[in-house]
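Novice: sequence and predicted structure are below.
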Amino acid sequence: MKGDIKVLGFMTLFYGREYLRESLLSVRDHVDKMVIAYTRTPSHGHHTDAVNPDSMEEMFKIAYEVLGDKLYFDVADNYHNESQHRNRRYAFSEGFDLILTIDPDEVFKEEDIQPALNYALVSPERYFGIKGYINFWRNFDHVCLDGFRPIRIENLRNQNTLQNIECPLTIYHFSTCQSEAIMRYKYKVFGHASEIKPNWLDGIHYAWTPENDIKDCHPVSYNLWNTIPFDKNTLPQYLKDHPNFNKRLV
């Protein structure tokens, strides 16, 4: 089901160069337009004097190379909070039927996207939480699974506030498989910065190895995220070509 259905792609951005190309490649052929709402300062309620390792110029270059004329790169100096940043999508949503949101550390499994959009289109709810996150941990060979289901699809035709958290879509999530420069920056400014477990970054994240297999790895929640093996050879070619693909530890 595609036909006359118009899909707006949307991404909030203030860091995230490492997987940006792959993230955009995964959705490029499934959106009619891609809005990237860039902010010069963190929007998740926490600030730092640390320098952002990722420049706007290099991320714009990546986005334009992937998206070409589908790209609208929207720049703001700041947002008061994450909700205001994410709600920027509505400034561009007129004339669209669906909004497909993706974060720069997420790569969607392409063959799952159109069925997920179809699922949302024929459902009565407006907001769709995704069942299918695979959280990569320190490399491409280990992942953690949980029951969290962030909203990633919105049906603009449905004028209600109902949520459906059963939308099937595999999402490869690289939040905890990024360079040390980004990890040390990110965990100062992301939305749950004040809730991180004591000494999580050095005591759990960087202390973990495949040999010691430290348990309970989630940065905020307890009794969650024990690593399991993952067959990275099932990933799309552009992730197999990623510089981190064969690293023992990222």
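Specialist: Thanks, I have it.

Novice: wait, what's in contact with the residue nearest the centre of the chain?
Specialist: Of all residues in the chain, the one closest to the mean position by C-alpha atoms, centre = their mean is D103, 2.7 Å from it. D103 sits next to 11-12, 16, 23 when contact means C-beta atoms under 8 Å, 6 or more residues apart in numbering. To be clear about C-beta, it is placed using only N, CA and C from the backbone, and glycine gets the same treatment.

Novice: low-confidence stretches in the protein?
Specialist: Applying pLDDT under 70 to the chain flags the ranges 1-3, 44-48, 190-194.

Novice: which of the residues in the longest strand seen in it are buried?
Specialist: Identified as the longest strand of the chain according to DSSP state E is strand 163-176. By neighbour count on 16 or more other C-beta atoms under 10 Å, the buried set for strand 163-176 is 164, 167, 169-176.

Novice: quick one: which of those is nearest H30?
Specialist: When these are compared for distance to H30 (C-beta to C-beta), L169 wins out at 11.0 Å.

Novice: spatially, and excluding backbone neighbours, which residue is closest to that closest one.
Specialist: A116 (4.0 Å; C-beta to C-beta, 6 or more residues apart in numbering).

Novice: the one you found reaches N164, doesn't it?
Specialist: No. With contacts counted by C-beta atoms under 8 Å, A116 stays clear of N164, the gap being 11.2 Å.

Novice: can you list residues touching both of the two?
Specialist: If you check A116 and N164 against C-beta under 8 Å, 6+ apart, the residues they both contact are F128.

Novice: which parts of the chain are strands?
Specialist: Under DSSP E, the chain gives strands at 7-13, 33-39, 71-76, 98-101, 106-108, 127-137, 142-144, 151-155, 163-176, 228-229.

Novice: ok, which of those comes nearest R89?
Specialist: strand 7-13 (4.4 Å).

Novice: for that closest one, the distance to its chain's centre please.
Specialist: Centroid separation between strand 7-13 and its chain, computed with C-alpha atoms, centre = their mean, to the nearest Å, is 11 Å.

Novice: re earlier: just the angle between the longest strand of the chain and strand 151-155, please?
Specialist: Using axes from the mean of the first three to the mean of the last three C-alpha atoms, to 10 degrees, the inter-axis angle of strand 163-176 relative to strand 151-155 is 140 degrees.

Novice: partner strands of strand 163-176, parallel or antiparallel?
Specialist: According to DSSP bridges, strand 163-176 has the following sheet partners: strand 106-108 (antiparallel), strand 127-137 (parallel).

Novice: with distance to Y206 and mean neighbour count added, can I get those strands in TSV?
Specialist: Shown next, in TSV, are these (distance: least, C-beta to C-beta, whole Å; neighbours: other C-beta atoms under 10 Å):
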stretch	distance to Y206	mean neighbour count
strand 106-108	23	25
strand 127-137	12	21
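
Novice: could I get those strands as TSV with distance to I62?
Specialist: Below are these laid out as TSV (distance: least, C-beta to C-beta, whole Å):
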stretch	distance to I62
strand 106-108	14
strand 127-137	20
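
Novice: which stretch among these comes nearest A76?
Specialist: Closest of the strands paired with strand 163-176 to A76 is strand 106-108, at 21.5 Å (criterion: C-beta to C-beta).

Novice: returning to that earlier point: how far away is the residue nearest to the centre of the chain from P150?
Specialist: 8 Å (C-beta to C-beta, to the nearest Å).

Novice: same check on L67?
Specialist: 22 Å.

Novice: between those two, tell me which one has more neighbours.
Specialist: L67 (20 against 14; other C-beta atoms under 10 Å).
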